[in-house]
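Undergrad: For reference, the sequence and a predicted model appear below.
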Amino acid sequence: MKKIILSVLILVLCIAAAVGGYMLYGAKTQKTLLQDKKVLVVYYSYSGNTKSIAQKIQQITNADIFEIKTVKPYPSNYQEVVEQAAKEKQTDFRPEIQSTEANISQYDIIFLGTPVWWYTMAPPVKTFMSKNKFGGKIIMPFCTHGGGGAAATFGDMQTLAPKAKILKGMEIYERGNLNTSSEITKWIEQTVE
């Protein structure tokens, strides 16, 4: 009987050590991912999809977070937004935003998120990018979409921030799925040098 109890106790200790080691390794890996880097997550979100992903990135990286908000909100009717966004893309319209006080000069890595509107970033993100200097910064772009993918979004970001180093972007369908947090972690691990 004592041998069985001792065997069970040893087995429990081995499992606990393995789980603890895995958790410690995972924490160490995450800590070293962006160690000694000042990180900011900047995003614009109309429906909440991009906000949801931005918050996941913020939780994973322990970064500061900044939401881009327009002075004049977009209509709540989806079809009206689609039509307005089409016109804004044609004219390269950049809506006024409430604040650009993200002070990106103090950050090393900037996660920049947008919904994809008419095959590119939403106009408020264009406004934010045109009002800030990204020279020498690392930008990790991410976008949410309804099925069309990133399209020209990441290339257009590079055009607006030619002196930044724009790394491989991540595109997420709507709000993602149950694996989105682990996919984000994998994206960061594979992308950040």
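TA: Okay, I see it.

Undergrad: What ranges in the protein fall below the confidence cut-off?
TA: 1-33, 193 (pLDDT under 70).

Undergrad: Report the residue ranges of every domain in it.
TA: 1-33, 34-191 (automatic domain parsing).

Undergrad: is it possible to export those domains to JSON lines including mean neighbour count?
TA: The way it works is simple: take the backbone N, C-alpha and C, and place the C-beta from them, glycine included. Output for the domains of the chain, formatted as JSON lines (neighbours: other C-beta atoms under 10 Å):
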{"stretch": "domain 1-33", "mean neighbour count": "10"}
{"stretch": "domain 34-191", "mean neighbour count": "17"}
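
Undergrad: Return stretch 121-129 as CSV; C-alpha atoms alone will do.
TA: Taking Å, rounded to 0.1, in the frame of the first residue of the first chain, the C-alpha atoms of stretch 121-129 are listed here in CSV:
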residue,chain,number,x,y,z
MET,A,121,-6.9,50.5,-44.1
ALA,A,122,-9.8,52.6,-42.8
PRO,A,123,-9.4,56.4,-43.4
PRO,A,124,-8.9,57.2,-39.7
VAL,A,125,-5.8,55.1,-39.7
LYS,A,126,-4.5,57.0,-42.7
THR,A,127,-5.1,60.2,-40.7
PHE,A,128,-3.2,58.9,-37.7
MET,A,129,-0.3,57.8,-39.9
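
Undergrad: show me where the protein has helices.
TA: Using DSSP state H, the helices found in the chain span residues 2-33, 49-61, 78-91, 123-130, 153-160, 180-191.

Undergrad: which secondary structure elements does the last one contact?
TA: Counting contacts by 3 or more C-beta pairs under 8 Å, 6 or more residues apart in numbering; DSSP states H and E, helix 180-191 packs against helix 2-33, helix 49-61, strand 170-173.

Undergrad: 10 Å instead, please
TA: In terms of contacts (3 or more C-beta pairs under 10 Å, 6 or more residues apart in numbering; DSSP states H and E), helix 180-191 is packed against helix 2-33, helix 49-61, strand 109-117, strand 138-145, strand 170-173.

Undergrad: With the fourth one instead?
TA: With contacts defined as 3+ C-beta pairs under 10 Å, 6+ apart, the packing partners of helix 123-130 are strand 39-43, helix 78-91, strand 109-117, strand 120-121, strand 138-145, helix 153-160.

Undergrad: Tell me the gap between that helix and the middle of its chain.
TA: 16 Å (C-alpha atoms, centre = their mean, to the nearest Å).

Undergrad: Now do the contacts for Phe93.
TA: 84-85, 87, 123, 126-127 (C-beta atoms under 10 Å, 6 or more residues apart in numbering).

Undergrad: Output these in a markdown table, with distance to Ser45 appended to each entry.
TA: Shown next, in a markdown table, are the contacts of Phe93 (distance: C-beta to C-beta, whole Å):
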| residue | distance to Ser45 |
| --- | --- |
| Gln84 | 16 |
| Ala85 | 14 |
| Lys87 | 21 |
| Pro123 | 13 |
| Lys126 | 15 |
| Thr127 | 15 |
